[in-house]
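Asks: turn this into a model:
(chains A and B)
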2 protein chains.
Amino acid sequence: MNIENNIKTLFVKKPLKLDCGKTIDNFPIAYETYGSLNEKKDNAILVFHALTGDQFVTGLNPITKKEGWWSYAVGPDKAIDTKKYFVICSNVIGGCMGSFGPSHIDPHTGKVFGTNFPILTINDMVNAQLNLLDHFGIDKLFSIAGGSMGGMQVLQFISNFPDKSKTVVPIACTSSHSAQNIAFNELGRQAIAADSNWKDGTYSSNNTNPNKGLAVARMAAHITYLSKKGLQEKFGRKLQEREDVKFGFDADFQIESYLRYQGSVFVDRFDANSYLYITRAMDYFDLSKQFYGNLSNAFKATKAKFFIMSFTSDWLYPTQENKDIVIALNSIGADVGFVEIKSDKGHDSFLLDVPDFLSALKNFLDKSYLEN
Amino acid sequence: MNIENNIKTLFVKKPLKLDCGKTIDNFPIAYETYGSLNEKKDNAILVFHALTGDQFVTGLNPITKKEGWWSYAVGPDKAIDTKKYFVICSNVIGGCMGSFGPSHIDPHTGKVFGTNFPILTINDMVNAQLNLLDHFGIDKLFSIAGGSMGGMQVLQFISNFPDKSKTVVPIACTSSHSAQNIAFNELGRQAIAADSNWKDGTYSSNNTNPNKGLAVARMAAHITYLSKKGLQEKFGRKLQEREDVKFGFDADFQIESYLRYQGSVFVDRFDANSYLYITRAMDYFDLSKQFYGNLSNAFKATKAKFFIMSFTSDWLYPTQENKDIVIALNSIGADVGFVEIKSDKGHDSFLLDVPDFLSALKNFLDKSYLEN
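Replies: Prediction:
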C-alpha cells in the first residue's frame, strides 16, 4: 500500500498523556474531510470510525480502492449531507491508516514499535482527535457521530468535552464492553497470537506476516456483525458452486466461502498489531466506571442534544445496552431521542443500506441544524 | 494418555458403507456402560455424546481424571437413573477416545490417517452405533437421548431404525445445521488449519501438534455455548486477580483467563483432526434434506414416544429450531412432548445442574418406563 501520497496528516506537537501513564508527542493523526466548512464554522461533523474502519468515510478509498465504509450514510444529499456539512474523520491512534500506531517506528529504538507501542484507550483516541478542532479553527462541532466503536468514541468525546458539540449521535454501541464482547475480542487476539508468524508482534522486522491468524480473527468478528436470521436468509445451507457436498474440507457451503473471503481480503488492508491494540481499547471501555458507577455523571456537564440509535437484530451491542445510555441521560433530564430500527442485518446495519436508519439519521441532523 | 487399558472396545467386522461412498470394516467402537441390563433387556438407554464428548458419561473419566460430561444427569437416582436403566454410550466414529478416527493407523499405508480418513456424517455415526445393540443382544432400546450433536444422532437414529427405541429424547438440537452454526464450525476449522503445526493434518507423523489453533477453535465454540446474559452475570467485567487493568495483553479480565484456560485444557484431551471431522459431520446434518424437504417423513415409520427439550437462552440451537422438530412430529400425529426450560446458562444448560431440566427428563423417562 502506498499510504503516504494519499493521506492528509496532522502532526500533533502538544504532548498527550495516555491513560497507561505514558506520554506521546509529535505524533501523526491521519484524517480526511468531505464537504466545506462554512464561514461561521458551525457545520462540522466529526465522524468516528469502528474497529476496522479508517478516515476514508465515503467515496473511493484511495488505499483499498473500495467504497468508503460509510458511503451509504455520508455524501451529497445523503443522511450526513456533505453539501451541507463539513465531515471530518480521522484514523484512530493505534490504527494502521496513517495515524500513530504499532506499525510506526519507535524513534528511541529505530525499530517498529510492535507490542512496545503503548496500550491505548478510547479516552486516548478522542483526546488525540480533539486536536483536529484546533487545526480547523472549529470552536464547536455541529455533531459527532459514529457506530460501534465509533459510538463509544462519541460518548467519550462528549463526556470529556461537553461544550464541543451541539448534537451527539452514538449508534449501535454500548457504554461498557460486556463479557461476551470481551470474549469475542480475546478470541481474535488469541487467533493472532497463535499464528507462529506473529512472533510476539515483531513480524515486520522478521519479514513475516500473521495473516492466517488475522484472517481467523476477522472471521470470528464477522460472524458477530451479522444476525442469525440474516445469515440464514442470505446463505442458509446454500452450496458453493456445486450440486452436493463434496465430502471434504473445501468450502462446500456459501457461508464458508464467504467467511474465507472476508478473512483473506481483510489482511490486505489491516495490521495485526493494530487489531490487538484497538480491540484492547474497546475492552477497556467502561464509561460508567470512569464516573464511579454513575453513567449519568458522564453527561451532566453537557447541554448537547443526543440521538441514540440501535437495531433489532444487533446481538453484539443489543438495544438494551443502547437503552441504558438513554436511561442515564433521561435521569438527568438531558435532551435525548432514541430509535430502535427494525433490521435483520445485525450489527452491520449501521454500515448498510437500511432506509429507516438513514432517514432517521438525516431527519435528526437536518432538523437540529435548522435550529442552529 | 493411556487409552487402551481403560477402554472397552467392540470391533465391528461387518462392513459399513459410509455416505461418502467409502466402506469401512473391522473398525473399533469404544464404549462404556452404566447400570445393569435386566433379563428382559428392555431397560437400555443409548446416550449419544456431543462434539467434544466421549463414552465416559458419568463418574470419573479414567482418561481425563475428571467427571464424566453428563454426571449431573446420569447416575444412581439421577434423571437417567442407573439403578433402573442400563446406559450405553460410545465414542462416535471420527472421535479420539478409542473409536475409529483420523488418529488411527491406515492399514493400507501404515501411517496415521489424518485427513485421509473418510469424511463422516451423523448418519454414519449412528449406523456404526447400531452394532452395539447386537453386541448386547438388545432388540429394542427403552430410550435414546442426547444433547446438541447427541440430539442430532437421536433424530437420525430413530429415523434410520424406527423400531429400535421405545422413547426418543433429543435435547437442545436441530434437524438441520444453520448458516450461523456452520459459520462457527468453519471458524474453528480455519483456526486449526491456520496453525502451522497442523501441516495439512499430518502433525502426528511430524511430531508436532496444532494445539494453539485447536485452543482457539475451542474458545470460539465455548463462547457459543454460553448466553450473553450468563457470561455477564458470571464474569461481567471482573478482573483477574488485579485491582485495575494492567495496560497490556495479559488476561486482565476473568473472562479472558477463563477462555484461555478452556482452550488449554481442551488440547490435552482432544485431537485436532477429530475436531475437523466431527464439525464437518454436524455441518452436513440436514435430516429434512434426506427426506426431500419434508422433515415429517423422517419420523413417519416410528411409533416411538418423543420428548423434546430446549433452553430459553440457547442461541446456538434456539427453541425455535427445536420446535420445528415438534411441528414436524405433530403434523403426522406422533406422540410428542415438548418443554422449553428457563435457564440463563445457554446451550451448555443440558450439561449443567439445571433442576427443571433434570426433573423433566427424569419424569418423562420414569413415567414412560412404568408404561412398559
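
Asks: just the element for the residue nearest to A:Val216 when sequence neighbours are not counted, please.
Replies: In space, and not counting its chain neighbours, A:Val216 is closest to A:Ala191: 4.0 Å by Cβ to Cβ, 6 or more residues apart in numbering or on different chains. Every residue, glycine included, has its C-beta placed from N, CA and C. A:Ala191 belongs to helix A:179-194 when assigned by DSSP states H and E.

Asks: just the buried positions in that helix, please.
Replies: Buried residues in helix A:179-194, counting neighbours by 16 or more other Cβ atoms under 10 Å in any protein chain shown, are found at A:179-194.

Asks: pick out the most distant pair among those residues.
Replies: Among those, the pair separated by the greatest distance (Cβ to Cβ) is A:Ala179 and A:Ala194, at 21.6 Å.

Asks: could you measure A:Ile80 against A:Ala217, distance?
Replies: Applying Cβ to Cβ, to the nearest Å, the value for A:Ile80 to A:Ala217 is 30 Å.

Asks: who has more neighbours, the two?
Replies: A:Ala217 (34 against 25; other Cβ atoms under 10 Å in any protein chain shown).

Asks: do I have it right that the more buried one meets A:Ser274?
Replies: No: assessed by Cβ atoms under 8 Å, A:Ala217 is found out of contact with A:Ser274, at 11.4 Å.

Asks: any low-confidence regions in the stretch 251-372 of chain A?
Replies: A:372 (pLDDT under 70).

Asks: need the contact list for the residue nearest to A:Val216.
Replies: A:Ala191 is in contact with A:Gly213, A:Leu214, A:Val216, A:Ala217, A:Ala220, B:Ala191, B:Ala194, B:Val216, counting by Cβ atoms under 8 Å, 6 or more residues apart in numbering or on different chains.

Asks: so the fourth one versus A:Leu51, what's the distance?
Replies: Here the distance between A:Ala217 and A:Leu51 works out to 10 Å (Cβ to Cβ).

Asks: overlap in contacts, these two.
Replies: A:Tyr275.

Asks: just list whatever residues bridge to A:Pro28.
Replies: A:Phe11 (DSSP bridges).

Asks: residues in contact with it?
Replies: By Cβ under 8 Å, 6+ apart, the neighbours of A:Pro28 are A:Thr9, A:Leu10, A:Phe11, A:Val12, A:Gly98, A:Ser99, A:Phe100.

Asks: what does A:Ser204 give?
Replies: So A:Ser204 contacts A:Ser103, A:Val112, A:Gly114 (Cβ under 8 Å, 6+ apart).

Asks: one more time with 6 Å, if that's ok
Replies: Shown in contact with A:Ser204 (Cβ atoms under 6 Å, 6 or more residues apart in numbering or on different chains): A:Val112.

Asks: and it, that's in a helix?
Replies: No: counting by DSSP: H, G, I helix; E, B strand; the rest coil, A:Ser204 is not part of a helix but coil.

Asks: any idea how far it is from A:Pro102?
Replies: From A:Ser204 to A:Pro102 the distance is 9 Å (Cβ to Cβ).

Asks: also A:Val154?
Replies: In this view, A:Val154 and A:Pro102 are 24 Å apart by Cβ to Cβ.

Asks: cool, A:Phe311 as well?
Replies: 32 Å.

Asks: quick one, which of the two is more surrounded?
Replies: Each of A:Phe311 and A:Pro102 has its neighbours counted (other Cβ under 10 Å); A:Phe311 has more, 31 against 26.

Asks: which ones are touching that one?
Replies: Contacts of A:Phe311 (Cβ under 6 Å, 6+ apart): A:Ala172, A:Ile341, A:Ser343, A:Ser349.

Asks: just flag the most distant two among those residues.
Replies: The farthest-apart pair in the contacts of A:Phe311, when distances are taken by Cβ to Cβ, is A:Ala172 and A:Ser343, at 10.0 Å.

Asks: and the two? which has more neighbours close in?
Replies: A:Ala172 (29 against 22).

Asks: per-domain residue ranges of chain A.
Replies: A:4-177+A:287-370, A:182-278 (automatic domain parsing).

Asks: ok, how many other residues are close to A:Asn160?
Replies: Using other Cβ under 10 Å: A:Asn160 sits among 15 other residues.

Asks: now the one 4 residues further on
Replies: Summarising burial for A:Lys164: neighbours were counted as other Cβ under 10 Å, giving 18.

Asks: cool, and the one 10 residues further on?
Replies: The local packing count at A:Thr174 equals 26, with neighbours defined by other Cβ under 10 Å.

Asks: that one looks like it's in a helix, true?
Replies: No: judged by three-state DSSP, A:Thr174 forms no part of a helix; its state is coil.

Asks: who touches it in this structure?
Replies: With Cβ under 6 Å, 6+ apart, A:Thr174 has these contacts: A:Tyr317, A:Glu321.

Asks: low-confidence ranges in the stretch 1-150 of chain A?
Replies: Looking at the stretch 1-150 of chain A by pLDDT under 70, you get A:1-5.

Asks: hey, where'd the helices end up in it?
Replies: Counting by DSSP state H, counting those that start in this stretch, the stretch 1-150 of chain A has helices at residues A:122-136, A:149-160.

Asks: how far away is the residue nearest to A:Asp163 when sequence neighbours are not counted from A:Phe161?
Replies: Once flanking residues are discounted, A:Asp163 sits nearest to A:Lys140: 6.7 Å by Cβ to Cβ, 6+ apart. Using Cβ to Cβ, we find A:Lys140 at a distance of 10 Å from A:Phe161.
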